[in-house]
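*Asks:* Structure, please.
(2 chains)
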Amino acid sequence: MSAAPLLAADEFQAPGLGLFDWPPLVEGAAWFNKPALLALVAALLVIVFVYAAFSRPKLVPRGVQNIGELAYEFTREQIARPFLGKDSDRWMPLLFSMFLFVWIMNLFGSIIFVQFPVMSRIGYPAVLAIGVWVLVMYLGIKHQGPIGFFKNVMFPPGLPGWIYVMVAPIELVSTFFLRHITHAIRLFATMMAGHLIIALFSEVGWHFLFVQLTPLGAPVGVLGVIMTILLTAFELFIQALQAYVFALLTAMFINDALRPAH
Amino acid sequence: MSGVLAEVTGNLGSIGYGLAAIGPGVGIGIIFGQGVQAIARQPEAYGLIRQNMILGFVFAEALALIGIALAFVFRA
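*Replies:* Have a look, this model is predicted:
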């Protein structure tokens, strides 16, 4: 009972899901809120960046082309080639733009005055994941045949017969549904959790240093500010990692659809 | 004073998330522990090992992330 009033912890309100509710920017267009605007800006940024980098390529790259080639090479060597091998050039446009788009959408969470990771609203990663799902189903049926695609997934060769009773339904649900659902949820939940944690610690700093400055509360506020800075640095790493992982898993799903697992 | 000796109040979702984080915590520890060991044994395979390490990491991490999302979804 003694510590709580001194710290004024009973008046401190932790930020909740209200952080993710945005009113429409224009009257009458309910869909057009801040995340939607940011998504459009992100798409535009990717287009402008890629156009600036690769519209007039030079043999000795200069300026933006340097950065563009760095990003392209990273995507090709680290994301596409390990999974797709010689097919990777065909899928590079998709993987490269997806990597850049997801990364920029995530980066909005750490850009001052923007400060909202668009991917922390489930709709945005869900659309990407549904797109990947449609693509993977199409590719699988095209390359392995409508029956062969399901047969190769549900009945991987080389197992004792009785175990297929268990393997077939698990593989069916996991390969065609669960892993695509987690594909979206992974990106969404990481971004949401990161945004919430940073909001919590900056709220702690604001509350204990400005709203209610007390001798015992001040160290808590300083801790909150330090944690905000540290977690922002960590969040920058996570944002890049999640964009990488999203594109990586897309490459893996495409590869699984193109050729049966051995 | 009521008859209750001790009482805990708060959100059950946070307890649920704490439980959901145990398994992925163990899993991620194993993945990175084994990964570092593999790199130490065979440093030239660093690129390959790191990639598979991250792949395993995201699969284990997904469970914890589903936990954090569901803690908000099933708020009492």
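*Asks:* so which strand or helix has residue 70?
*Replies:* By default, I'm working from chain A. Element membership for A:L70, per DSSP states H and E: helix A:64-74.
*Asks:* Actually, chain B is the one I wanted.
*Replies:* helix B:46-73.
*Asks:* count of neighbours near residue 21?
*Replies:* I'll assume chain A. Look at A:D21: counted by other Cβ atoms under 10 Å in any protein chain shown, it has 9 neighbours. Where you see a C-beta, it was placed from the backbone N, CA and C, and this is true even at glycine.
*Asks:* Let me rephrase: I mean chain B.
*Replies:* When neighbours are counted by other Cβ under 10 Å, B:A21 comes out with 16.
*Asks:* For chain A, see how far away it is.
*Replies:* 11 Å (Cβ to the nearest Cβ, to the nearest Å).
*Asks:* show me what contacts residue 46?
*Replies:* Went with chain A since none was named. Each residue near A:V46 by Cβ atoms under 8 Å, 6 or more residues apart in numbering or on different chains is listed here: A:97, A:100-101, A:104.
*Asks:* not quite, I wanted chain B
*Replies:* Counted by Cβ under 8 Å, 6+ apart, B:Y46 has contacts B:I39.
*Asks:* Could you list the contact residues of the stretch 151-262 of chain A toward chain B?
*Replies:* Counting by Cβ under 8 Å from any Cβ of the partner chain, the stretch 151-262 of chain A comes close to chain B at A:182, A:185-186, A:188-190, A:192-193, A:241, A:244-245, A:248-249, A:252.
*Asks:* Just give me the closest of those residues to chain B.
*Replies:* A:A189 (3.6 Å; Cβ to the nearest Cβ).
*Asks:* Need the residue closest to the centroid of chain A.
*Replies:* A:L187 (3.6 Å; Cα atoms, centre = their mean).
*Asks:* count of neighbours near the closest residue in space to that residue that isn't next to it in sequence?
*Replies:* Excluding the flanking residues, the one nearest A:L187 by Cβ to Cβ, 6 or more residues apart in numbering or on different chains is A:P125, at 4.2 Å. Summarising burial for A:P125: neighbours were counted as other Cβ under 10 Å, giving 25.
*Asks:* mind listing what A:P125 touches?
*Replies:* A:P125 neighbours (Cβ under 8 Å, 6+ apart): A:119, A:183-185, A:187-188, A:246.
*Asks:* For the residues you listed, give me CSV that also has pLDDT and secondary structure.
*Replies:* Formatted as CSV, the contacts of A:P125 follow (pLDDT from 0 to 100; DSSP: H, G, I helix; E, B strand; the rest coil):
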residue, pLDDT, secondary structure
A:M119, 93, helix
A:H183, 94, helix
A:A184, 94, helix
A:I185, 92, helix
A:L187, 94, helix
A:F188, 94, helix
A:F246, 95, helix
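*Asks:* quick one: which of these is nearest chain B?
*Replies:* A:I185 (5.9 Å).
*Asks:* residues in contact with whichever residue of chain B sits closest to chain A?
*Replies:* Closest contact between chain B and chain A, by Cβ to the nearest Cβ, is at B:L65 (3.6 Å). Counting by Cβ under 8 Å, 6+ apart, B:L65 makes contact with A:185-186, A:189-190, A:193.
*Asks:* hmm, 7 Å instead?
*Replies:* Contacts for B:L65 (Cβ atoms under 7 Å, 6 or more residues apart in numbering or on different chains) come out as A:185-186, A:189-190.
*Asks:* which of those sit farthest apart?
*Replies:* A:I185 and A:T190 (9.3 Å; Cβ to Cβ).
*Asks:* which secondary structure element contains the residue nearest to the spatial centre of chain B?
*Replies:* When Cα atoms, centre = their mean is applied to chain B, the residue found nearest the centroid is B:P24 (3.1 Å). Here B:P24, judged by DSSP H and E, is contained in helix B:22-41.
*Asks:* Quick check: nearest residue in space to A:V245, chain neighbours excluded?
*Replies:* A:V245 sits nearest to B:V58 (Cβ to Cβ, 6+ apart), 4.9 Å away.
*Asks:* Chain A: helices as residue ranges?
*Replies:* A:3-7, A:34-54, A:64-74, A:81-84, A:88-107, A:123-144, A:146-154, A:164-173, A:179-206, A:217-258 (DSSP state H).
*Asks:* Out of these, flag the one nearest B:G10.
*Replies:* For B:G10, the closest of the helices of chain A is helix A:3-7, at 14.3 Å, according to Cβ to Cβ.
*Asks:* quick revisit: tell me which residues of the helix holding B:P24 are tucked away?
*Replies:* B:24, B:27-28, B:31, B:35, B:38-39 (16 or more other Cβ atoms under 10 Å in any protein chain shown).
*Asks:* ok so, going back, pipe the residues of the stretch 151-262 of chain A next to chain B into a markdown table and attach neighbour count per row.
*Replies:* A markdown table is the format used below for these (neighbours: other Cβ atoms under 10 Å in any protein chain shown):
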| residue | neighbour count |
| --- | --- |
| A:T182 | 21 |
| A:I185 | 21 |
| A:R186 | 25 |
| A:F188 | 23 |
| A:A189 | 26 |
| A:T190 | 27 |
| A:M192 | 23 |
| A:A193 | 20 |
| A:L241 | 17 |
| A:Y244 | 19 |
| A:V245 | 24 |
| A:L248 | 23 |
| A:L249 | 23 |
| A:M252 | 18 |
